[in-house]
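Engineer: Sequence plus the predicted model coming up.
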Amino acid sequence: MNQRKWYDSVSSSLDKTTTIIYGKEEWMTMLKGKDIILSLLYKEPLTGYEIMERIQNRLGYFVEGSTGMIYPALKKLEKEGFITSEEIIQHEKPNKKCYTICENGRKAVQDYIASPISQDKFISDFLLRAYLETNPIKELVTHEIDQITKRLAKLIADNEAVIADMAAGQLFAYEFGKNMYQTQLNFLHRYLETEIRRSNP
């Protein structure tokens with residue numbers, strides 16, 4: 001089943017309550033989440049919590065989406081025969097489900113891998129405000145330096161402890177993100193230094 005048909009299937013099955021809670025745009029995000037979830041399960045079986053943790057803490061830097069849509073997506077994927085689940089009994093804890101990818105799911109991942117790579121989208125409220133000159137540029141740059149510094153620190157904190165266990169692709173994505181933040185900071189600091197020299201000849 002291709003992505004368009006999968007989305008149509010999801011849309012046609014939505015009841016009024018679900019539509020009110022999520023809305024069409026968020027279900028489109030869930031459609032993209034299908035590829036993410038299946039790609040994670042392609043490597044190993046995972047619980048819903050483990051999938052949520054990976055998306056939230058590791059993939060959140062380069063994909064958008066609500067973790068609240070993970071369980072509806074898992075339910076739909078299982079219904080469509082892409083994955084199966086097994087309930088794990090836990091003593092003194094709520095039982096949990098472990099999800100395993102099926103052959104249909106593996107085929108969907110292979111189709112995703114073979115599909116054209118989408119062009120990157122760069123959406124920046126900071127650059128929009130700078131372009132429209134809604135705030136003084138120096139004020140915007142100072143604020144952005146603070147925000148990027150915090151994001152870089154969080155990226156390092158989230159990943160440094162597991163860097164030794166990263167696969168080549170994961171390490172590449174991590175280093176790419178870290179260098180992207182550092183490059184942005186270098187540019188913004190140079191801009192401020194240049195403006196200071198101009199104002200103090």
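Structural biologist: Alright, I've got the coordinates.
Engineer: pLDDT of stretch 118-127, averaged?
Structural biologist: The average pLDDT within stretch 118-127 is 86.
Engineer: so how far is the first residue of that stretch from its last?
Structural biologist: 22 Å (Cα to Cα, to the nearest Å).
Engineer: The helix or strand where F176 lies packs against which elements?
Structural biologist: Using DSSP states H and E, F176 sits in helix 168-199. With contacts defined as 3 or more Cβ pairs under 8 Å, 6 or more residues apart in numbering; DSSP states H and E, helix 168-199 has these neighbours: helix 137-159. Every residue, glycine included, has its C-beta placed from N, CA and C.
Engineer: Could you give me the buried positions within the helix it packs on?
Structural biologist: Residues of helix 137-159 classed as buried by neighbour count (16 or more other Cβ atoms under 10 Å): 140-141, 144-145, 148, 152, 155, 159.
Engineer: Go through those residues and name the one nearest R198.
Structural biologist: V141 (13.8 Å; Cβ to Cβ).
Engineer: quick one: that closest one from L188, how far?
Structural biologist: The gap separating V141 from L188 is 5 Å, by Cβ to Cβ, to the nearest Å.
Engineer: Can you name the residues in contact with stretch 95-112?
Structural biologist: 1-2, 34-35, 38-39, 41-42, 45-49, 51, 74, 77-78, 80-90 (Cβ atoms under 8 Å, 6 or more residues apart in numbering).
Engineer: how long is that stretch end to end?
Structural biologist: 32 Å.
Engineer: For A130, which non-adjacent residue is closest in space?
Structural biologist: L140 (5.4 Å; Cβ to Cβ, 6 or more residues apart in numbering).
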